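sequence below, structure please.
(chains A and B)
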There are 2 protein chains.
Amino acid sequence: MNTNVAVIGASMTQFGGRDAWVRELLAEAGAACLDDAGVGPETVEHCYVSNMASGEFEGMTGVPNALAHDLDCLPAYTQRVDQTSSSGGAGMYAAWQSIASGASEMTLLVGGEKMTHRSTSEATDVIASLTHPVEYKHGVTLPSFAGLTARLYLDQYDAPRESLGKVAVKNHKNGVDNPHAQFQKEVDLDTVLESPIVADPLRLYDFCPITDGSAALLFCPESVAREYTDEYAVIAGVGGATDTHVVHERSDPTVMNGVVESGRQAYERSGYDPDDIDVAELHDMFTILEFLQMEGLGFAEPGEAWRAIEDGRTERDGDLPINTSGGLKSKGHPLGASGVAQGYEIYKQLLGEAGPRQVDADVGLACNVGGFGNCVITTIMEAST
Amino acid sequence: MNTNVAVIGASMTQFGGRDAWVRELLAEAGAACLDDAGVGPETVEHCYVSNMASGEFEGMTGVPNALAHDLDCLPAYTQRVDQTSSSGGAGMYAAWQSIASGASEMTLLVGGEKMTHRSTSEATDVIASLTHPVEYKHGVTLPSFAGLTARLYLDQYDAPRESLGKVAVKNHKNGVDNPHAQFQKEVDLDTVLESPIVADPLRLYDFCPITDGSAALLFCPESVAREYTDEYAVIAGVGGATDTHVVHERSDPTVMNGVVESGRQAYERSGYDPDDIDVAELHDMFTILEFLQMEGLGFAEPGEAWRAIEDGRTERDGDLPINTSGGLKSKGHPLGASGVAQGYEIYKQLLGEAGPRQVDADVGLACNVGGFGNCVITTIMEAST
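Now for the predicted structure:
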C-alpha cells in the first residue's frame, strides 16, 4: 500500500449484439481508453485482459498478446485475468497490484467477451461450467440458483415479489440514459411480472441478457496521473474473497459471504464506511443479487434491502443511487467486461462526466460477483482532490 | 518494490499421464506445498491458479474457486492467471505483485493442466488457438514454427544439427534423477537423430511431450518468512514482455524479443548480470528454444549457444547448468504448471534440496515462454542469506 493508484482514463464500447470478435472489441475499447487519457500506447507497461472464455466461445486464446500487438503496446507485459463473471473486478484488483507493487507505472486493463454468436443454451452451458462438477452434472445453472434463492429470500423476509420486479424497472430506466447500454428502453412493472417464467419465481425480465462488449480503464501512480490531468479517480480500497464452491454448503444462501468479506476488506483498506458511499454499481445479473449485495455491503440490514427499493432510495434521486449505468440488467453482461464497465461508470460519476445519469458523488463502490457469489471483488474509488 | 518477497514452500506432483482432473492435481500440489512450508490453509490470503485451458480440455472453469474450497482456504481471494504456455511464470509475477503491493501476506500459487485424456492432435489444436487467427487458419502450429526457426538458425550460424539433439540428450539425462519427471530415462544422440520427423529438421525427440501435472509455490514478505523458517528463497527480480503476435513480423526470428526484454527487466530489477546466474531453467518445449533463450538472456552471444552445449558448459557439472530438472523435454509440459515447476526446481537448488540433481547455486533464473515467444516471463531468485 505504498502508492496511491489513480485511474486516468476509461472507455466502453457499445454493448449488445456486435459483429466483431472479442479481439476487435478489446482493441476498440483499449484504443479509446488511451485516447481518453491522452496517453500513447508506447507508455503502457502492463496490459491485462479480463476475459472468461474466449477459448470456449471463439476458439481463440492468447488474446492479451493479440491486443498488445493491435494497440502497438509492445513490449508491454500481457496477461489474462479470469475469475469467471467477476473477471473485470479481478482485473481492477490485478491492475491496482501492478501499480502499487511498482511492477508497472502504466497499466491498461481491458475487459471483454463475445457471446451472442452462440445460442442461449450454449452460452449458459459455458457459464455453468464454473459450478461444482456435482452441481453441473445435475443440470444446475446460475439462473436456477437465482430462482431458489429468490424464493427463499421472499419467504424468509416476507418481501413482496414486486420488489424484485422494481429492481428491473429501475435499472431499465437508468439504462435509457446510457448510450452504450444494450437495452435503452423502459419496462413497466407489469411487463416484468408477466414475462415468461425462467426459474420460479424469477421471470425473463429478472435476468440480464447475453451480450458482446468491452470496457477499459487506465491505471498509474497518482504522481504520474498529475502529469496528464487534474481530473482523475483514485482506488481507495479493493477487497476480494471466495465462498464455498458448493452452493448448498452455505449456511444461509441469502447471505453472500464473498460479498461481506470483500466489502469488509475494501472498507477497511479505504477507511470508508457504507454511509460514505455516494453511488454503487452492483452485479445485478439477477434482480435478487442486487438485494443480496446491498445487504452484504451494509447498505441495508439483512432482509431489508427490498424496502429500500420500495422507498425509492436506490433511484438516481435517492440517497444511495444503485446501478446508474443501467446495471447488467439493461446495459448487458459481457462477462469479462462487466466489472470493468462498473469501474467505468463509477469513474464517470466521480469525474462528473455521466451526462444525464450524473448523481452527486465523491466516493463510489463497484461489486463484481463471480459464479453464484463464489468469488467477489469490491472496489471503492474516490474523486481526486 | 517495497517488500522483499520470499518463497517459503514448494511442491510438485508426479508429471505424466495422470488419472485425475486438473482440480484434483491442483489440490494435491497445493496441499503438499502448504505442508512443505508448515503453513495452515487458513493463513492463505490470495490463491492463484496458473492454467491455460481447463475449459477447453475438461469443460471446467472456476477452478481457482474449487481449489480454495478443496484446500479449506476460504475466504482467500482466488483468480486464474492465463498467459498460455507461460501461465506459470505469469503466476509467479502475479504472486510477487500481490505481496509487494501489500494486497496479501500469504499467496499460494498453484499451476496445473490436464491434457493426456485428449488426443495429440486435439491438444495441439487447443494450443494452436493462441496463434494469430491468420496463422491458425493456415494450419500453423507451434511445432511448425519451431521447425522453421531451427532450420534458419542452423543455416544462419552454420551450427551442426547434432547440437540440437544434444539438448535433448542432456535434459533426458537430468530427468533420470528427477522422480517427478514424466520420462526418467536417458536417450542417446542416435535415438534423437533417427526419431520420426515432426517438423523438419526437428524430430520427435526435439519436442516435449503432452503431460498432466501440477506444481505449487508459497509466497510471503521476507519478514513473515522468518517466522516460519531460516531457509527460503527471495524473488530478486521479475520481468515480463510481449513480442509480435504475428511471428512473421519479427525482423529476425532467431531473436526472441520477449526473452531479451523480460531478461533485461529481471536483471535490472535484481541487480544481477548473466554472469551471476548459477543455474537456469529454460523453456525447452522444443530443443531450439533452449538456444534462443540462452542467447536472449546473455548466456551466449548470438549464434553461439550451440557451442556451449557442444562444450558441455550447460551440463550439471558445467559452468552454467541448464534444466537440471530435466526441462520440459523430459519432465513434461503441463502448460499452466510448467513455469511454476521451473520455480520449484530453482527453489530446491537454492535451498540445497535437489538431491542427486544438486548443483552449487546461490542465484537462479527461470524463463517461461508463452506461444512462440509471444509473451515471456523471466524470474531471478536468490537464496536467503
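
please count neighbours and contacts with C-alpha atoms only from this point.
OK.

and the most centrally placed residue in chain A, what helix or strand is that in?
Closest to where the C-alpha atoms of chain A average out (CA atoms, centre = their mean) is A:G339, at 2.9 Å. Taking DSSP states H and E as the criterion, A:G339 maps to helix A:335-350.

now A:E353
Using DSSP H and E, no helix or strand contains A:E353.

how many neighbouring residues does it have?
14 (other CA atoms under 10 Å in any protein chain shown).

and it, how far is that from chain B?
According to CA to the nearest CA, to the nearest Å, A:E353 stands 30 Å off from chain B.

kindly report the same for A:D362.
For A:D362 relative to chain B (CA to the nearest CA), the value is 24 Å.

what does A:D36 give?
24 Å.

how about the contacts made by that residue?
With contacts defined as CA atoms under 8 Å, 6 or more residues apart in numbering or on different chains, A:D36 is in contact with A:G9, A:A10, A:S11.

now it: which helix or strand?
Short version, using DSSP H and E: A:D36 is in helix A:22-37.

who's in contact with A:S98?
The contact partners of A:S98, by CA under 8 Å, 6+ apart, come to A:H46, A:S104, A:T107, B:Q97, B:S101.

inside strands: which ones of the residues you listed?
A:H46, A:T107 (DSSP state E).

now the buried members of the contacts of A:S98.
Among the contacts of A:S98, those buried by neighbour count (16 or more other CA atoms under 10 Å in any protein chain shown) are A:H46, A:S104, A:T107, B:Q97, B:S101.

and which of those residues is nearest B:Q265?
Taking CA to CA as the measure, B:Q265 lies nearest A:S104 of those, at 11.4 Å.

what's the per-residue pLDDT of the closest one here?
We have a pLDDT of 97 for A:S104.

show me the contacts for the residue nearest to A:T120 when sequence neighbours are not counted.
Spatial nearest neighbour of A:T120, chain neighbours left out: A:I210 (7.4 Å); criterion: CA to CA, 6 or more residues apart in numbering or on different chains. Going by CA under 8 Å, 6+ apart, A:I210 touches A:G16, A:M115, A:T116, A:T120, A:A123, A:G332, A:H333, A:P334.

now do 7 Å
By CA atoms under 7 Å, 6 or more residues apart in numbering or on different chains, the residues touching A:I210 are A:M115, A:T116, A:G332, A:H333, A:P334.

relative to helix A:335-350, how tilted is the next helix or strand after the helix holding A:G339?
Once the chain leaves helix A:335-350, the next helix or strand it forms, by DSSP H and E, is strand A:363-370. Between the axes of strand A:363-370 and helix A:335-350, defined by axes from the mean of the first three to the mean of the last three CA atoms, to 10 degrees, the angle is 170 degrees.

what strands line up against strand A:363-370, and which way round?
Strand A:363-370 pairs in its sheet with strand A:279-281 (parallel), strand A:375-383 (antiparallel), by DSSP bridges.

check the offset of that strand from the chain's centre.
6 Å (CA atoms, centre = their mean, to the nearest Å).

in that strand, what's buried?
A:V363, A:G364, A:L365, A:A366, A:C367, A:N368, A:V369, A:G370.

the fourth one contacts A:E281, correct?
So that's A:A366. Yes - at 4.7 Å, A:A366 counts as touching A:E281 under the criterion of CA atoms under 7 Å.

common neighbours of those two, please.
Joint contacts of A:A366 and A:E281 (CA under 7 Å, 6+ apart) are A:Q342.

need the contacts of A:I210 in CSV with secondary structure, can you?
Below are the contacts of A:I210 laid out as CSV (DSSP: H, G, I helix; E, B strand; the rest coil):
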residue, secondary structure
A:M115, coil
A:T116, coil
A:G332, coil
A:H333, coil
A:P334, coil
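
just the closest of the residues you listed to A:Y267, please.
A:H333 (26.0 Å).

look up how far A:A123 lies from the closest one.
12 Å (CA to CA, to the nearest Å).

look at the two and report which has more neighbours.
The residue with more neighbours, out of A:H333 and A:A123, is A:H333; 31 against 16, by other CA under 10 Å.

quick check: the more buried one touching A:S214?
No - counting by CA under 7 Å, A:H333 stays clear of A:S214, with 9.9 Å between them.

run through who's touching the worst-scoring helix or strand of chain A on mean pLDDT.
Here the helix or strand of chain A ranked lowest by mean pLDDT, DSSP states H and E is helix A:133-137, holding a mean of 82. The contact list for helix A:133-137, computed with CA under 7 Å, 6+ apart, reads A:A128, A:S129.

repeat for stretch A:164-171
A:186-189, A:192-193, A:205-206, A:287-288, A:309, A:315, A:323, A:326-327, A:329-330.

now, of those, which are buried?
Buried among the contacts of stretch A:164-171 by 16+ other CA under 10 Å: A:186-187, A:189, A:192-193, A:205-206, A:287-288, A:309, A:315, A:323, A:326-327, A:329-330.

of these, which pair is most distant in space?
A:L193 and A:N323, at 20.6 Å, using CA to CA across these.

for the closest residue to A:P143 other than its chain neighbours, which residues are in contact?
The shortest distance from A:P143 to any non-neighbouring residue, by CA to CA, 6+ apart, is to A:A199 (6.4 Å). Going by CA under 7 Å, 6+ apart, A:A199 touches A:P143, A:S144, A:G147.

interface residues of chain A facing chain B?
Those residues of chain A that sit near chain B, judged by CA under 7 Å from any CA of the partner chain, are A:1, A:55-56, A:59-62, A:65-66, A:69, A:74-84, A:97-98, A:100-102, A:129-130, A:240-245, A:374-375.

just those residues: which are in strands?
Checking the residues of chain A next to chain B against DSSP E, those in strands are A:Y77, A:T78, A:Q79, A:R80, A:V81, A:D82, A:G240, A:A241, A:T242, A:C375.

spatially nearest residue to the first one, not counting backbone neighbours?
Read it as A:Y77. A:Y77 sits nearest to B:A241 (CA to CA, 6+ apart), 4.3 Å away.

list the contacts for the one you found?
Counted by CA under 7 Å, 6+ apart, B:A241 has contacts A:P75, A:A76, A:Y77, B:G258, B:E261, B:S262, B:C375, B:V376, B:I377.

narrow the contacts of A:A199 to just the buried residues.
Buried, going by 16+ other CA under 10 Å: A:P143, A:G147, out of these.
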